[in-house]
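Chemist: This is a predicted model, with the sequence first.
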Amino acid sequence: MSEALEKEGVALGFDRFENIRSLILLMTLRCNLKCKMCGQVSFFGEDPEKRMFIKEEIRFEDLKRVLDERPSWESLHLFGGEPMTYRFIGPLMELARERAQVVWMTTNGTIIGPHLDSMIRNLSGLTVSIDSSNPDENDASRGVIGTTERILKNFRALAAVRKPFAPVVVINSVITHHNYHALEKSLMFFETEFSNGFDMIQFHLPRFVQDSLGQEHEKFMMQEFGCHAKTWEGWRGHGEGIDLEILQNQINKVKDHPKVIIYGIDKADQLQGFFKNPKFPSINGLYPPEAHCKVMDKVLTIQPNGNVVLCTDFPDYVLGNIYQESLRDIWNNEPMRRLRLYLRKHTFFPICAKCPRAVESMHLSMGAGLKVADRFYKSMRQRKHVPGVLARSSS
Ligand SMILES: C[S@@+](CC[C@H](N)C(=O)[O-])C[C@H]1O[C@@H](n2cnc3c(N)ncnc32)[C@H](O)[C@@H]1O
Ligand code: SF4
């Protein structure tokens, strides 16, 4: 393509297919747990009690066809629902490793079954969701008695065979009323019991949406994109039951530990704002004014029904469907160009106030993100993966 044509394309909202940095694959929404704070439990109208029986999942052959659209992908993230309940998780891990420089999985850690070797061999990174080392607190948060015992058993098996950073193992703890007072205890427990089992522990501010913000988001999406935006209802809440003084104290105690990441804001006045003010951003102060959500700009999520969406957590704006179109076509279709042009003029959507995920795109250059990046590159070098664009930006 000539330079002039390329410029004209950019002005009209087109983008190169090769610019996609990551695909997030929600192979299924099936899940064996019933986490109280998980917006997915209700945002597709599913009854949490029946969630384990959801049949819908991405057809493996179609997923393969999508991955074939590029010779290689920078990063694939295996997600869910619970990814380990996907019927083709074994073949998918093998395929992902063949096709991508970075393969990440986020799992609730209760199901490993026969896949431990494959996880070690094929994954660059594994996020294991454990909210607390205290079984009562963690089981309460995860909605199923016995969860903690199962995770710890699997975690022991993983710790026994994996090498540091191979794969990178991140414990993800969502801060809720069940655990906010015990971040330090969890850190100490994992450091003492599983020091070799994990590389980082991430204390993640909870995603929750107060009604006034949700309604503003709905109105905005309808006006701007003609889109019914109801998925915020899954995250409806107020972050209630958290004593912010105690939480702040806990954050201060853990945040300088070399393995700790506080995902979102961590200062006293900001925490107050985040929990009390519906529109106070979880990423306050981290962005330069001209920034916009790089996740929406460079990352696509594929849902179990084949829909392609921009935002994993608020998947209201559907771009297309992999069963009907190629991903390449979707990347420059009318809804995508419309969004791209919007993002050039404006920064975030109202709902982004509650999303610390957008910070991911800044990991290469900012604060806590540097910890992730450092360890990540170290692991990639050790495993002789050389992530293309990521590696260039790190040098
Ligand atoms: C939706 S789950 C899907 C993957 C897998 N089932 C798991 O639990 O790891 C992805 C991550 O979101 C986290 N999560 C759930 N509800 C959340 C909330 N309200 N705020 C922030 N993170 C949340 C989970 O703990 C998990 O680490
Ligand atoms: S957070 Fe993960 S494990 Fe918990 S209900 Fe949601 S999808 Fe399932």
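Modeler: It's in. Numbering: from 1, shown residues only. Ligands and ions are numbered 1, 2, ... in the order given.

Chemist: correct me, but Ile145 touches Asn138?
Modeler: No - counting by Cβ atoms under 8 Å, Ile145 stays clear of Asn138, with 10.4 Å between them. (Each C-beta comes from the backbone N, C-alpha and C, glycine too.)

Chemist: Those two: which is more packed in?
Modeler: Asn138 (22 against 11; other Cβ atoms under 10 Å).

Chemist: what comes into contact with the helix or strand containing that one?
Modeler: Assigned by DSSP states H and E, Asn138 belongs to helix 135-142. Defining contact as Cβ atoms under 8 Å, 6 or more residues apart in numbering, one finds that helix 135-142 is touched by 33-37, 108, 130-132, 145-149, 151, 174, 176, 178-179, 182.

Chemist: Repeat that for stretch 324-336.
Modeler: In contact with stretch 324-336 (Cβ under 8 Å, 6+ apart) are residues 13-15, 17, 20, 66, 69, 225, 300, 306, 308, 317-320, 322.

Chemist: Of those, just the buried ones, PyMOL syntax please.
Modeler: Buried subset of the contacts of stretch 324-336, written as a PyMOL selection, criterion 16 or more other Cβ atoms under 10 Å:
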select buried, resi 13+14+15+20+66+225+300+306+308+317+319+320+322
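
Chemist: and the contacts of stretch 324-336, which two are the farthest apart?
Modeler: Put simply, by Cβ to Cβ the two of these set farthest apart are Glu69 and Phe225, 25.6 Å from each other.

Chemist: So, low pLDDT: which residues of this protein?
Modeler: Scanning the chain with the threshold set as pLDDT under 70 gives 1, 41-46, 282-294, 356-395.

Chemist: Which positions in it make contact with ligand 1?
Modeler: Proximity of the chain to ligand 1, by Cβ under 6 Å from any ligand atom, involves residues 31, 35, 37-40, 79-82, 106-108, 129, 172, 174, 204, 206-208.

Chemist: among those, which are in helices?
Modeler: Gln40 (DSSP state H).

Chemist: Quickly list what Asp57 is bridged to.
Modeler: Residue 57: Glu, not Asp. Applying DSSP bridges to Glu57 gives these bridge partners: Thr28.

Chemist: Would you mind confirming that it is in contact with Tyr86?
Modeler: Yes - judged on Cβ under 8 Å, Glu57 makes contact with Tyr86 at a distance of 5.8 Å.

Chemist: Which neighbours do those two have in common?
Modeler: In contact with both Glu57 and Tyr86: Met27, Thr28, Arg30, using Cβ under 8 Å, 6+ apart.

Chemist: Just the closest of the residues you listed to Leu247, please.
Modeler: Arg30 (32.7 Å).

Chemist: Nothing else from me, thank you.
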